[in-house]
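Colleague: Here you go, sequence then predicted model.
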Amino acid sequence: MALISLHIHYYLQYLIWFITVVVVHSFIRKFLKPAPTLVSEPPSPPALPFIGHLHLVSSVLPKSFQELARVYGPLMRIRLGASSCLVVSNAAVAKEIFKTQELNFCSRPEFCSSEYFIYRGSRFVLAQYGDYWRFMKKLCMTRLLAVPQLDKFADIRDQEKVKLVESVMKCCRDGKTCDLSSELTSLTNNTICRMVMSSRCSGSDNDAAEIKELIRTCLKLSGKISVGDVLGPFKVLDFSGNGNNLKAALLKYDRLVERIIKEHQDKASEGFDENQKMDLLDILLEVYRDPTAEVKISMKDIKSFLLDIFMAGTDTSSAAMQWAMGELMNKPKAFKKLRDEINSVVGPNRLVKESDIPNLPYLRAVIRETLRLHPSAPLIIRECGEDCNVNGFMVKAKTRVLVNVYAVMRDPESWANPNEFDPERFLGGSDEKIGEHQMEFKGQNFRFLPFGSGRRGCPGASLAMLVMHAAVGCLVQCFDWEVKGGGKVDLSPGPGFATEMAHPLVCYPTVSSNPF
Ligand code: HEM
């Protein structure tokens, strides 16, 4: 009996020890193990092996991302084949990227197409945030694209605008259709060519036309090659041959620019007289020769910078003007309101001038509303510098971030009737007015971001705004427009990263007023 009670005693003692160990162990596990990571990665749609989310997106990427964001939120992870990124889709998260954590998101990632760029390492648009980028950006903002330099070339912009109106008048006289896509790309290309390298003054009238063709080719091919990012390591195989074609176009550009640089150097060696205007290339060459410059730029840097200005500046402004005209043609009330404003401010005897812009509030509202609905660069690309936390989620260094400004500027949380073309929302009496200060289009209001924001924001915004207001103003002032085949303009967006129109804007103009 005594033996049995001893066994029970040992058994109970063992049980107590066992329970104590289990309780202490679970206590230690609960309170002493490292705290679980409170931040997880941003949400993501279910992915398929290899292709990731490719099956969920259409060819119009900004629109597809906008639709996915309705389900997965304003910060989501997307993987297209081997290429992955985060997509930002509302103003609050855009503000975190562009302002609160600006310095951590000030670089851009390289693309597949970079491998074929003969100026790799010199590209300003894709440069990492560092000394070279800072130096060039300062040069842009204080000299190359600063207001005093833009003022010096007001006459060039005026002449190119007159050429545009004359060319459309010729279509009217000949009873021909007018391809506004082509007319407006010629306007932006000629304007930039003349401001950058005085192309018409160099003795060879074909330079601007040749550059226009080369830039078109480079834009088209680099867009196609960037799609190759989805192939991961297989992209080097260049199945389509686009990579080699891009290289060939760039080499052609290189030879052309080399000659123009030589002409500029010869001109500089004779010295500039007081009245002579320095174009952008003259200024770059002056910086190149300056032994005291903070950063020594090379000839490769100059050629690459000019290419970036052409690639970033021509099709963007031209596409936005086409959208403005397309929207106005489909909205006769808005068209008439703008025509009436121009007639009362400018009158019938001269064309709209850049100096009229401050007196044409409806014109300004039309351009802003166009950029809201149809941003020329709808997916702004940045790269994360160091691991961080965005909107409560973990973001790793080197992650690509696409700010989908197309979605931000059509977000129903920020805009009433977001898909409607309604310039009135930018006028004085509107509740939605977002400020008349110039900064409004330079991205200090995070629901209106057509030119990006902060240090990395578009340095060509002021130039683009001058060109677009004057040209659209003249096209409305002087012509009535009808769509080829009658009916309405097809406002479907085209495929890819940019939002160009799916179809070229070809229409029949008739002269309504001739101020010449
Ligand atoms: C309607 C016309 C235009 C639109 C909508 C537009 C839009 C943009 C956007 C969204 C960015 C990226 C900004 C960011 O990352 O925050 C950008 C960058 C840039 N744009 Fe524009 N742009 C236009 C016209 C121009 C023009 C006319 C030029 C030059 C003449 C230009 C030169 C550049 C350059 C060089 C960059 C790169 C800046 C950098 O990486 O620091 N753009 N643009």
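Modeller: Arrived safely.
Colleague: Start and end of stretch 44-53, how far apart?
Modeller: 9 Å (C-alpha to C-alpha, to the nearest Å).
Colleague: Start at 27, not 1
Modeller: Okay, using 27 as the starting number, the last item reads as stretch 70-79.
Colleague: contact partners of it?
Modeller: Contacts with stretch 70-79, where a contact means C-beta atoms under 8 Å, 6 or more residues apart in numbering, come from 80-82, 94, 97-98, 102-107, 110. Placement of C-beta: from N, CA and C, glycine included.
Colleague: centre of the chain versus the helix or strand harbouring Ile368, how much separation?
Modeller: Here Ile368 sits within helix 358-372, counting by DSSP states H and E. Counting by C-alpha atoms, centre = their mean, to the nearest Å, helix 358-372 is centred 29 Å from the centre of its parent chain.
Colleague: So what's the model's average confidence on whatever helix or strand comes next after it?
Modeller: Sequence order places helix 387-399 as the next helix or strand after helix 358-372, per DSSP H and E. Here helix 387-399 scores 96 as its mean pLDDT.
Colleague: For the following helix or strand past helix 387-399, name the packing helices and strands.
Modeller: Note on helix 387-399: by DSSP H and E, the next helix or strand toward the C-terminus is strand 405-409. Packing contacts for strand 405-409, counted by 3 or more C-beta pairs under 8 Å, 6 or more residues apart in numbering; DSSP states H and E, involve helix 87-98, strand 426-430, helix 431-434.
Colleague: correct me, but Thr342 touches Pro401?
Modeller: No: between Thr342 and Pro401 there is no contact under C-beta atoms under 8 Å: 9.2 Å.
Colleague: more neighbours, these two?
Modeller: A count of neighbours by other C-beta atoms under 10 Å puts Pro401 above the other of Thr342 and Pro401, at 28 against 21.
Colleague: On the three-state scheme, the closest residue to that one other than its chain neighbours is what?
Modeller: Ranked by C-beta to C-beta, 6 or more residues apart in numbering and with sequence neighbours excluded, the top spatial neighbour of Pro401 is Pro476, at 4.7 Å. With DSSP: H, G, I helix; E, B strand; the rest coil as the basis, the three-state label of Pro476 is coil.
Colleague: Now for Pro476: which residues touch it?
Modeller: Leu397, Arg398, Pro401, Ser402, Ala403, Val431, Met435, Phe467.
Colleague: Over to Pro387?
Modeller: Going by C-beta under 8 Å, 6+ apart, Pro387 touches Glu367, Leu453, Gly454.
Colleague: any low-confidence regions in the protein?
Modeller: 27-64, 138-139, 225-231, 253-265, 455-469, 524 (pLDDT under 70).
Colleague: Near the ligand, which residues of it? Just list them.
Modeller: For the chain, the residues in contact with the ligand (C-beta under 6 Å from any ligand atom) are 151, 163, 218, 334-335, 338-339, 342-343, 346, 401-403, 406, 476-479, 482-486, 489-490.
Colleague: residues touching the residue nearest the centre of the chain, list them.
Modeller: By C-alpha atoms, centre = their mean, the chain has its centre lying nearest to Ala403, at 2.8 Å. Residues near Ala403 by C-beta under 8 Å, 6+ apart: Thr342, Val431, Pro476, Gly478, Cys484, Ala524.
Colleague: and which of those is nearest the ligand?
Modeller: Using C-beta to the nearest ligand atom, Gly478 is the member of the contacts of Ala403 that lies nearest the ligand, at 2.0 Å.
Colleague: Can you tell me which of the contacts of stretch 70-79 is closest to the ligand?
Modeller: Ile104 (18.7 Å).
Colleague: So the closest one: helix, strand or coil?
Modeller: Strictly by three-state DSSP, Ile104 counts as strand.
Colleague: Near it, how many other residues are there?
Modeller: 26.
Colleague: what bridges to it?
Modeller: Counting by DSSP bridges, Ile104 forms beta bridges with Cys111.
Colleague: how close does the residue nearest to the centre of the chain get to Pro476?
Modeller: 8 Å (C-beta to C-beta, to the nearest Å).
Colleague: wait, what's in contact with the closest residue to Asp382 other than its chain neighbours?
Modeller: Distances taken as C-beta to C-beta, 6+ apart place Val372 nearest to Asp382, at 5.7 Å, with adjacent residues excluded. By C-beta under 8 Å, 6+ apart, the contact list for Val372 reads Val378, Lys379, Asp382, Gly499, Gln503.
Colleague: Next, give phi and psi for the residue lying closest to the first one once chain neighbours are set aside.
Modeller: In other words, Val378. Excluding the flanking residues, the one nearest Val378 by C-beta to C-beta, 6+ apart is Gly499, at 3.5 Å. Note on Gly499: backbone dihedrals following degrees, to the nearest 10 are phi -60, psi -50.
Colleague: And the helices and strands packed on strand 405-409: which comes nearest Pro530?
Modeller: For Pro530, the closest of these is helix 87-98, at 20.0 Å, according to C-beta to C-beta.
Colleague: if we can go back for a sec, let me have the helices and strands packed on strand 405-409 in TSV, adding distance to Asp316 as columns.
Modeller: Shown next, in TSV, are the helices and strands packed on strand 405-409 (distance: least, C-beta to C-beta, whole Å):
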stretch	distance to Asp316
helix 87-98	42
strand 426-430	36
helix 431-434	37
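Colleague: so which of those is the most packed in?
Modeller: Neighbour counts (mean count of other C-beta atoms under 10 Å) averaged over each of the helices and strands packed on strand 405-409 peak at helix 431-434, with a mean of 28.
Colleague: With just CA atoms, put that helix into PDB.
Modeller: Output of helix 431-434 as PDB, limited to C-alpha atoms (Å, rounded to 0.1, in the frame of the first residue of the first chain):
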ATOM      1  CA  VAL A 431      -0.800  58.700 -62.000                       C
ATOM      2  CA  TYR A 432      -3.600  57.600 -64.500                       C
ATOM      3  CA  ALA A 433      -5.300  55.900 -61.500                       C
ATOM      4  CA  VAL A 434      -4.500  58.700 -59.100                       C
END
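Colleague: Give me the residues contacting that helix.
Modeller: If you take C-beta under 8 Å, 6+ apart as the criterion, helix 431-434 is touched by 88-89, 91-92, 95, 114-117, 120, 401, 403-406, 440, 472-473, 475-476, 478, 525.
Colleague: Run through the strands of the chain in chain order.
Modeller: Counting by DSSP state E, the chain has strands at residues 101-106, 109-114, 204-205, 405-409, 414-416, 419-421, 426-430, 505-509, 532-537.
Colleague: quick one, which of the ones you listed is nearest to Met167?
Modeller: When the strands of the chain are compared by C-beta to C-beta, strand 405-409 sits nearest Met167, at 18.4 Å.
Colleague: Many thanks, have a good one.
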